[in-house]
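Novice: Quick one, structure for this:
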Amino acid sequence: VAAAAAAAGDGEETWNEERWRYAGRLESVTGCGHRVPSGAPTDAWTASGRVDRF
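Specialist: Numbering: from 1, shown residues only. Next up is the predicted model:
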């Protein structure tokens with residue numbers, strides 16, 4: 001949690017911000033929207049392999 005707060009303070013995006021963008025990308029590609037859980041892998045390639053679990 002402290003690392004995420006420090007990253008947010010530096011102006012960098014955190015996974016909480018990025019996962020909504022990723023959810024929109026999934027919707028545009030697959031045609032159906034899924035909620036990306038906060039515990040999802042932050043690496044896009046790893047997360048894309050787990051789309052069926054979202």
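Novice: Just after the worst-scoring helix or strand of the chain on mean pLDDT, pick out the following helix or strand.
Specialist: Least confident helix or strand, the chain: helix 2-9 with a mean of 56, by mean pLDDT, DSSP states H and E. Later in the chain than helix 2-9, the nearest helix or strand by DSSP states H and E is helix 15-30.
Novice: What residues sit buried inside that next one?
Specialist: Neighbour-count burial for helix 15-30, counted by 16 or more other Cβ atoms under 10 Å, picks out 15, 19, 22, 23, 26. C-betas here are computed from N, CA, C, even on glycine.
Novice: Can you tell me how far the third one is from residue 14?
Specialist: Which is residue 22. Distance from residue 22 to residue 14, counting by Cβ to Cβ, to the nearest Å: 13 Å.
Novice: and for the two, which residues touch both?
Specialist: Overlap of the contact sets of residue 22 and residue 14 (by Cβ atoms under 8 Å, 6 or more residues apart in numbering) is empty.
Novice: Pick out the residue nearest the middle of the protein.
Specialist: The residue lying closest to the centre of the chain (Cα atoms, centre = their mean) is residue 19, at 2.3 Å.
Novice: got a list of what that one touches?
Specialist: Taking Cβ under 8 Å, 6+ apart as the test, what residue 19 contacts is 36, 38, 40.
Novice: Can you check the pLDDT for it?
Specialist: Looking at residue 19, its pLDDT is 82.
Novice: same check, this time on the one 10 residues further on
Specialist: Residue 29 is assigned a pLDDT of 81 by the prediction.
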